[in-house]
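Trainee: Coordinates for the following, if possible.
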Amino acid sequence: MSAALRQFGAIPGDLGDRLMRLGPIGVATLMRRSVIGGFEKTSGFAELARLVAEREVDVLVLDPLAELHELDENSNGELRQFIAALRTFAIEAGIAVLLIHHVRKGAVVPGDMDAARGASALIGAVRSAWTLAAMSESEAETINIPKDRRSYFVRLDDAKTNYGSACAQRWYEKTVIQLDNGEELLALLPWTPPAPRAASVEDCAVMLREIERGVAGGPYSPKLGPHQRSVRALLRRHGFAGAAERSALDALLDAGAEIAMFRTGARKSAQGLRHDGAPSAEWADLEGEP
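Mentor: Residues are numbered from 1 along each chain as shown. So this is what the prediction gives:
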């Protein structure tokens with residue numbers, strides 16, 4: 001909390017009584033299986049409700065959902081009972097409830113509400129949902145973030161919005177904050193990604209000369225792929241990656257590069273990049289062929 005508040009020039013004491021943190025010594029179950037069948041609220045639920053009323057709470061954050069119940073997380077019927085109990089509690093107490101929930105295994109697609117782990121009843125019941133996802137490799141390449149720095153950035157996306165319009169993605173950087181006691185902690189600070197690099201006139205002039213020289217396999221291929229002739233290798237040597245590759249290739253075409261067919265064998269042909277007729281190749285159109 002101290003680290004997070006530093007961006008506002010504040011300390012925990014500045015919060016006064018506006019924030020209350022609760023944590024059980026043992027299990028924090030709010031709903032459990034009843035000995036007579038079905039499910040029931042625990043004494044912890046009753047104590048939480050008492051504190052919410054006593055402190056006149058506006059927002060209740062529960063983290064994580066998986067530790068708050070004994071229900072089958074993959075059962076729509078069972079999970080719906082827990083969510084219904086929380087909804088009733090929120091309405092009666094006049095508060096907002098924010099649930100922190102894990103996602104399923106594998107990569108998370110930003111803004112995908114189905115990324116939530118377990119039964120879909122959870123997403124069906126909530127009014128707003130967000131995903132928090134790590135920066136992907138392609139996103140890092142697009143804005144030239146080094147591989148060893150990619151894990152420091154996360155994005156928050158709207159996954160479901162019943163109230164109001166969806167917001168644009170928001171990025172945060174894990175930043176090391178040193179406290180007064182010398183301890184160093186990470187805090188998420190708002191961060192704006194840099195715009196992808198744009199190819200300048202000078203960049204295009206240098207790359208056009210390389211296109212004129214071609215590569216060992218012939219002219220550069222205009223296809224952005226892993227193969228030997230791909231122009232991607234040329235673009236990346238000059239610092240263009242991800243989304244910047246396509247815009248840089250478009251800039252080269254605007255600057256005079258052409259895409260044309262050339263012979264690679266007796267009955268074979270392929271696309272290649274050229275500028276002012278170079279590099280040397282059996283260009284189909286220069287021979288008067290269709």
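
Trainee: quick one, helices of the protein?
Mentor: Taking DSSP state H to define them, one finds helices in the chain at 2-5, 43-55, 76-93, 121-125, 137-142, 201-213, 231-237, 243-254.

Trainee: For T161, which of these is the nearest?
Mentor: Counting by Cβ to Cβ, T161 lies closest to helix 121-125 out of these; the figure is 12.2 Å. Placement of C-beta: from N, CA and C, glycine included.

Trainee: Grab the CA positions of the closest one and hand them over as CSV.
Mentor: Written as CSV, here are the backbone C-alpha positions of helix 121-125 (Å, rounded to 0.1, in the frame of the first residue of the first chain):
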residue,chain,number,x,y,z
ALA,A,121,-22.5,-18.4,-14.3
LEU,A,122,-20.0,-16.0,-12.7
ILE,A,123,-19.6,-13.8,-15.8
GLY,A,124,-23.3,-14.0,-16.5
ALA,A,125,-24.1,-12.6,-13.0
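
Trainee: Reformat the helices of the chain as a markdown table; add distance to A107.
Mentor: Shown next, in a markdown table, are the helices of the chain (distance: least, Cβ to Cβ, whole Å):
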| stretch | distance to A107 |
| --- | --- |
| helix 2-5 | 27 |
| helix 43-55 | 35 |
| helix 76-93 | 24 |
| helix 121-125 | 18 |
| helix 137-142 | 10 |
| helix 201-213 | 33 |
| helix 231-237 | 23 |
| helix 243-254 | 19 |
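
Trainee: can you tell me which of these the model trusts least?
Mentor: Lowest mean pLDDT of the helices of the chain: helix 137-142, a mean of 84.

Trainee: Spit out the contact partners of the nearest residue to P64 once chain neighbours are set aside.
Mentor: Once its chain neighbours are removed from consideration, P64 has its nearest residue in I100; the separation is 5.1 Å (Cβ to Cβ, 6 or more residues apart in numbering). With contacts taken as Cβ atoms under 8 Å, 6 or more residues apart in numbering, I100 has the following neighbours: 61-65.

Trainee: Over to F153?
Mentor: If a contact means Cβ under 8 Å, 6+ apart, then F153 has 134-135, 140, 145, 171-174, 191 as its contacts.

Trainee: Could you say which of the helices of the chain is packed most deeply?
Mentor: For the helices of the chain, the largest average neighbour count (mean count of other Cβ atoms under 10 Å) is found in helix 231-237, namely a mean of 19.

Trainee: What helices and strands are in contact with that one?
Mentor: Contact partners of helix 231-237 among helices and strands, from 3 or more Cβ pairs under 8 Å, 6 or more residues apart in numbering; DSSP states H and E: helix 201-213, helix 243-254.

Trainee: E54: which of those is closest?
Mentor: Each of these was scored for nearness to E54 using Cβ to Cβ, and the closest is helix 243-254 (52.5 Å).

Trainee: who's in contact with that closest one?
Mentor: If you take Cβ under 8 Å, 6+ apart as the criterion, helix 243-254 is touched by 142, 196-199, 203-204, 207-208, 211, 222, 224, 231-232, 235-236, 238, 240, 259, 273.

Trainee: mind redoing it with 10 Å?
Mentor: Among residues not part of helix 243-254, those counted as contacts by Cβ atoms under 10 Å, 6 or more residues apart in numbering are 138-139, 141-144, 195-201, 203-204, 207-208, 211, 220, 222-224, 230-232, 234-236, 238-241, 257-259, 273, 275.

Trainee: That one vs helix 201-213, what angle?
Mentor: Here helix 243-254 runs at 70 degrees with respect to helix 201-213, directions being taken by axes from the mean of the first three to the mean of the last three Cα atoms, to 10 degrees.

Trainee: Render the CA-only coordinates of helix 243-254 in CSV, please.
Mentor: Taking C-alpha atoms only, helix 243-254 is exported to CSV below (Å, rounded to 0.1, in the frame of the first residue of the first chain):
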residue,chain,number,x,y,z
ALA,A,243,3.1,-3.5,-36.3
ALA,A,244,6.0,-1.2,-37.3
GLU,A,245,7.0,-3.8,-39.9
ARG,A,246,3.9,-3.4,-42.0
SER,A,247,4.0,0.4,-41.8
ALA,A,248,7.7,0.4,-42.8
LEU,A,249,7.0,-1.9,-45.7
ASP,A,250,4.2,0.4,-46.9
ALA,A,251,6.6,3.4,-46.6
LEU,A,252,9.2,1.5,-48.8
LEU,A,253,6.5,0.9,-51.4
ASP,A,254,5.5,4.6,-51.3
